[in-house]
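Novice: Got a predicted model here, sequence first, then my questions.
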Amino acid sequence: MDLNLTEADQAFRQEVIEFLNAELPADISRRVHADLPVSKEDTEFWHAVLHKRGWLTYNWPKSFGGVGWSPVQQFIFEEECAAAGAPRILPFGLKMLAPVLMAFGSKEQQEQWLPRMCDGTDWWCQGYSEPGSGSDLASLKTTAVKQVDHYVINGQKTWTTLGQYANMIFCLVRTDSDCKPQAGISFILVDLATPGIEMRPIRTLDGGQEVNEVFFTDVRVPVANLVGEENKGWNYAKYLLAHERNGIANVGISGQKLARLKRLSLTQKRGGKPLADDPLFAARLARLEIELRNLETTNLRVLDGFSKGAGPGPESSMLKIIGSELEQNFDDLTRRALGRQAQAHTPEVFEPGYNGPQVAPQDMANQSAAYFNKRKVSIYGGSNEIQKNIITKMILGL
Amino acid sequence: MDLNLTEADQAFRQEVIEFLNAELPADISRRVHADLPVSKEDTEFWHAVLHKRGWLTYNWPKSFGGVGWSPVQQFIFEEECAAAGAPRILPFGLKMLAPVLMAFGSKEQQEQWLPRMCDGTDWWCQGYSEPGSGSDLASLKTTAVKQVDHYVINGQKTWTTLGQYANMIFCLVRTDSDCKPQAGISFILVDLATPGIEMRPIRTLDGGQEVNEVFFTDVRVPVANLVGEENKGWNYAKYLLAHERNGIANVGISGQKLARLKRLSLTQKRGGKPLADDPLFAARLARLEIELRNLETTNLRVLDGFSKGAGPGPESSMLKIIGSELEQNFDDLTRRALGRQAQAHTPEVFEPGYNGPQVAPQDMANQSAAYFNKRKVSIYGGSNEIQKNIITKMILGL
Amino acid sequence: MDFQPTEERRMLADMIGKFIQNDYPLNARLAAGTSALGYCPEAYSTMAQLGLIGALFDEEVGGFGGSGFDIATVFTELGKGLVLEPLNDTALATGYILAQTDQLKLVEQIILGQKRVALGLIENGADYDWGAPETLARQSGAEWHVSGVKTCVKFAHGADAIIVSAQTPSAPGISLFLIEASTAGLAEHPFQTVDGGNACEITLHNTPAQLLGVEGAAYPLIDAAAARATLALCAEALGLMERIKDMTIDYMRTRKQFGSVLGKFQALQHRVAQMLLEIEQAKSAVINAANDLQAPSDERNRAISAAKYSIGRIGCAVAEEAIQLHGGIGMTWEYDLGHFAKRLVMIDHEWGDQDDHLMRFAQS
Amino acid sequence: MDFQPTEERRMLADMIGKFIQNDYPLNARLAAGTSALGYCPEAYSTMAQLGLIGALFDEEVGGFGGSGFDIATVFTELGKGLVLEPLNDTALATGYILAQTDQLKLVEQIILGQKRVALGLIENGADYDWGAPETLARQSGAEWHVSGVKTCVKFAHGADAIIVSAQTPSAPGISLFLIEASTAGLAEHPFQTVDGGNACEITLHNTPAQLLGVEGAAYPLIDAAAARATLALCAEALGLMERIKDMTIDYMRTRKQFGSVLGKFQALQHRVAQMLLEIEQAKSAVINAANDLQAPSDERNRAISAAKYSIGRIGCAVAEEAIQLHGGIGMTWEYDLGHFAKRLVMIDHEWGDQDDHLMRFAQS
């Protein structure tokens, strides 16, 4: 047992830092640090930069063009990207669909789709949830009926993140209703330009627009777009969820939020003294910092276990719960640190030529909206309640 | 709406204080304040004192010899008794069995048993729980089979508080097994001197002995001891629980614990300063004090509603949860205030002639044991989990 | 003791409830919240005509209420409707200050909804402390001139005047000054608030102003006004929580997952039960504060801090928990809950947050 | 980085596990805990012979371990067995001090289980601070004499000697002194501890003593010893939690109420899940502290405080939650859980509680 970084890992960290220093534009970093939405162009730009360096697929197996980093190296990369304020790598294609295609897709599908998600040809989004099927995903009702060489899809998907930028969607659809719900689901790839698809924005409580509803009316999809076997889609979906390990704890992002909050606590003044000297605030901050230090090690322990062949267990669910709540707690404490300034909702301070009041420190101009927006992280990706069900189901074995 | 005491209530409070000053012996008060077990003799003595004054049955209806106090007066009485360190009035006869007898007992039963629980003839204990039936009380298995003019009881009861001092027990027993569990239960009074009864002590984790197991082997009980109708016992038990309102929030006891803890925080020193100046401790104490102030009003609001005819609702369960957790939190914070002294388990400091070390302040000599002992209050009387089931069942109506 | 609301207050509450139900649709509220003014002047005027502002003031100064329980009644009902219109800082708080400093004509206009007066106490938006303003007022002859910057002044845009706190060279304490909105040397910079509505940064540069009350003696006056405004916030939060409770119970009873309504899932049941009992405790805290509003200032402030702490802690917990219990739908703009939750959390950011009031209580 | 225990440590852990399973019944432990000595000397001796004490020390001073991970391995396993015998303050901590002050003969005897040396640092039992002793040591010629009172000295009864901290007139810092148990002027007053075992109040009256190390320079030495003892406590707590976790899972799987095992009730499931993930976090905290035991003292103390805070918070929560999840049975002396819970909570009362370490971390 030894938590100290090897010299090789230290050198690797330096390499990542230098890369980020050289390649990441300051204006993008500034917006990411302020938790503002990242534009389509900025995301595509950053994907291209990473792709050029070969790091866009940093968590892919070497056989599919990955870089072969250890879990520790992957963690270092994520941590430094977060610290630098790099846009996150869009997970839908590269971290969610890709592993499914690698494990269950045909060789043709792999050759067709994997390169396109790397070179920016495709922007993928996810078609899992439905209005009546949130936590109870297996109850989904969108149907795909086979007609010779096409499936005809009818139904509705929702919570489709950044669907407004996407040209492709992977969906879970019902191909058999005469069986228990999980057994009749298939996994299919759909071109969003197909006639019969309508994408409508959902405005979220913070005023933002990052999720969508997708309506399917007699949408014809070639059978070649079915991944794996018909009616086996539930297995692929579970595989995807259980293997969504890297970064699930969001340690890098929380680490960046800790650093930002520590800086803030030195400049915000309460009663004439830095907020950092306020004992209740200091205690809150220390609790979060300790929780993060613990999570860093928990995360690496779990990743190490996976890399040594440990099967998907309750650990992924634990990381999801701890990581999401910790990230929310950082946003919560940051909001508290702002005092009355937290009331201000002034993302316009980032607009060129803005000359109105700057109520909160500039990188906090969107903080309260971000706090409300981040309530999502304990809901999406399988709500934390679902994760607790999974943990006890596995550990109690009932 | 007006929370201020009337002059009459203020005068009443003064009357209670004067009574306690005059009648409560200092050595009893000292032991009660230190959370030490109260002896059988001290309890009987105090019951007799209250009985002489007519206050032992302070929460009985006037028609049965109660004093006709308002909810506020009852609360004042409980608060002052707790503040003075009076032994608690044993609830099993006076607050649990008595209301059931008044509502469902025969005139003969009322005339026979009610006076005896007042004059000290009977010490009642409770036979509800069984080893296999804790939270799931209705699954109880102790049987009572009717044979002409007797019931023959076989089975086992447990968690019988202070059963070692009792001469009478009221029991829930199964008189019919061919129906849903709740429908076959009867409520019966048993003389503990009857052959076939064995009472065995259960030692608790704090080392104390206040609960017991009771074994029944062919115990013959006259049918006259059945309360109400056969197989209707579950209704009586529910009536008892829902009407166990006065004092369920333990506001008086928590108030006394707050006062004790405030005094302690002035004398305990940390880093050369009183513990009261430690910001994290001060915050913990303030949280509890505020919670208690809120609970005082919640409690009185609920009692007021009851006195105006509001039926038993989820409020009793809320008071039980908040009150029990708050009492535990006071014991918890008191333990924290002791620092290393909390390790000492030295109830012997109260023994005459003791001349060993007094590690903690004297009234704290039993505090850690009391902290562990008080974990029971969120378990007994229907665990807090059962109370939450009741609340949502009533409010969601599902 | 008496735990029943008076007949008058019950009628007042019913009347506000009906107004909200019939004439205060949430859509209009949301639109008004992002408008330039940040609220709907017609709705404000209607509320004044219905007597909602009058209920916040003593008969002596032209109102017909003014006790803690009157204030709590009005704002609890306003909270239930997520009412945006600025009846707190710019009417209740400033009206109280003006009444105590014999500006009865202006108080009358406030009660009638004809004028609004904003309250500028805060200079450092990171802090909740109003006790040591750096804004400076200087007297030359009979005239006062004020210079300084006030921030997070709620609904100052469109107000007829503003009351600001300042220090003066000649007296050690705080003084209060009344400044007409159109006065030369006053500049306002409005910004939006995340819960709907707006606030301003106000810069004062040698701005002519009228001294209110006695120079240097405003501390207890501001303290009493703050107690009223804080009580009103707590009551508003209680109203918000009552509605959030209803929405959550309704959702638990109707939303199905895994073949049952959510309310059948025990893990959720127990969390709902916890939420409900916490709201009961919050309600008691508001009652305690309303009851003690007339008490001596130490006792009053303890009750106010106990309530604001309770509301802050429980309010944030209820807001977050209700969203979590709703899942995705709770995150949407279309569903009412999120807007109630935003306001509920933002209440923790006015007049001192939970930690601030906890330590005030601990140190009192 | 490497997350696997070494082969040696795995064997050490197995060996301790087997000893507990075969030779350390809980009944005997409970009886020993209330005996006059407060522990079982035979068991202590066996553990020494098995090398458990040696594993806590460097090879240089006669041990075969001594790293943070060695200490964590031993005490985690001892925690799983609720082992009472005093390997911490009176062996690990004092042995470290003696090793650093060249008392290698005595260290050897400690490792072999032939001698035990208690550690008296605390004079105010309400406090966790050992940094400013009032106990006074005076030098006359080559002799030192110490006067003062030490309290809550764990397992001093039956120890062969005691190390006490004192101030001296001639140097500003803290000094450490070794005093034989039978020395004139030393009086011990033992008392029971609630988790089994005992502690003493020690009065010193002009008691002849031997200076350890350099006069006035003991602070960093005590600090390092405290770090070791605190790490050991954290590891012990982790072992206790692992057992409590197993007991709770087992109970959830077997105890039936309302026709199902408890583990089928979702409200309890979610609480068990929360407990499990908190224990994982506690484990990580212990690993971090073990890793940083050799780091520079600032960094080491931050990791130690992070661990002790985590263990204090999570340990108390786990103890209380496990009892609640068990219901009545968890309250009984006969069932193992309560004894594990008592020790787990009492660990928060040694070497600084959760609040104490939280603020140390915050201020470092």
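Specialist: Happy to help now that I have it. Values in this document were obtained by computation on a predicted structure and should not be read as measured data.

Novice: So which bits of stretch C:138-146 are buried?
Specialist: Within stretch C:138-146, the residues that count as buried by 16 or more other CB atoms under 10 Å in any protein chain shown are C:144-146. All C-beta atoms are positioned from the backbone trio N, CA, C, and that covers glycine.

Novice: same for chain B: which of these are within range?
Specialist: When contact is defined as CB under 8 Å from any CB of the partner chain, the buried residues of stretch C:138-146 do not meet chain B at all.

Novice: and C:Pro190, how many neighbours?
Specialist: 19 (other CB atoms under 10 Å in any protein chain shown).

Novice: May I have the residues that are in contact with the residue in the stretch 51-200 of chain A positioned nearest to chain B?
Specialist: Residue nearest to chain B within the stretch 51-200 of chain A (CB to the nearest CB): A:Asp136, separated by 17.6 Å. Neighbouring residues of A:Asp136 by CB atoms under 8 Å, 6 or more residues apart in numbering or on different chains: C:257-259.

Novice: Present the buried residues of stretch C:138-146 as JSON lines; the columns should include distance to C:Ser165.
Specialist: Listed next are the buried residues of stretch C:138-146 as JSON lines, based on distance: CB to CB, whole Å:
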{"residue": "C:Trp144", "distance to C:Ser165": "13"}
{"residue": "C:His145", "distance to C:Ser165": "15"}
{"residue": "C:Val146", "distance to C:Ser165": "10"}
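
Novice: for these, which one is nearest C:Ile122?
Specialist: Closest approach between those and C:Ile122, by CB to CB: C:Val146, at 15.1 Å.

Novice: Pretty sure that closest one sits against C:Ala166.
Specialist: Yes. In this structure, C:Val146 is within contact of C:Ala166 by CB atoms under 8 Å, at 5.4 Å.

Novice: Residues that sit against both of those two, list them.
Specialist: C:135-137, C:177.

Novice: Kindly write the ChimeraX command that selects the buried subset of these.
Specialist: Under the burial definition 16+ other CB under 10 Å, those of the shared contacts of C:Val146 and C:Ala166 that qualify are selected in ChimeraX by:
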select /C:135,137,177
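
Novice: now, the most widely separated pair of the shared contacts of C:Val146 and C:Ala166?
Specialist: C:Leu136 and C:Phe177 (10.8 Å).

Novice: what residues are shared contacts of these two?
Specialist: Common neighbours of C:Leu136 and C:Phe177 (CB under 8 Å, 6+ apart) are C:146, C:166.

Novice: Take the contacts of A:Asp136 and write them to JSON lines, including pLDDT, distance to D:Glu85 and neighbour count.
Specialist: Converted to JSON lines, the contacts of A:Asp136 look like this (pLDDT from 0 to 100; distance: CB to CB, whole Å; neighbours: other CB atoms under 10 Å in any protein chain shown):
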{"residue": "C:Gln257", "pLDDT": "94", "distance to D:Glu85": "53", "neighbour count": "19"}
{"residue": "C:Phe258", "pLDDT": "94", "distance to D:Glu85": "51", "neighbour count": "14"}
{"residue": "C:Gly259", "pLDDT": "93", "distance to D:Glu85": "55", "neighbour count": "9"}
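
Novice: restrict these to contacts with chain A.
Specialist: Filtering those for neighbours of chain A using CB under 8 Å from any CB leaves C:257-259.

Novice: Say whether chain C is contacted by whichever helix or strand A:Tyr236 is part of.
Specialist: Counting by DSSP states H and E, the element that carries A:Tyr236 is helix A:233-242. No. Using CB under 8 Å from any CB, helix A:233-242 stays clear of chain C, coming no nearer than 14.8 Å.

Novice: If you count neighbours, what's buried in that helix?
Specialist: Residues A:233-237, A:239-241 are the ones in helix A:233-242 that count as buried (16+ other CB under 10 Å).

Novice: tell me which element residue 253 is part of?
Specialist: Just so you know, I chose chain A. Going by DSSP H and E, A:Ile253 is in helix A:251-267.

Novice: oops, chain C please
Specialist: helix C:219-254.

Novice: Could you list every helix and strand in contact with the helix holding A:Ile253?
Specialist: helix A:71-84, strand A:273-274, helix A:279-307, helix A:314-338 (3 or more CB pairs under 8 Å, 6 or more residues apart in numbering or on different chains; DSSP states H and E).
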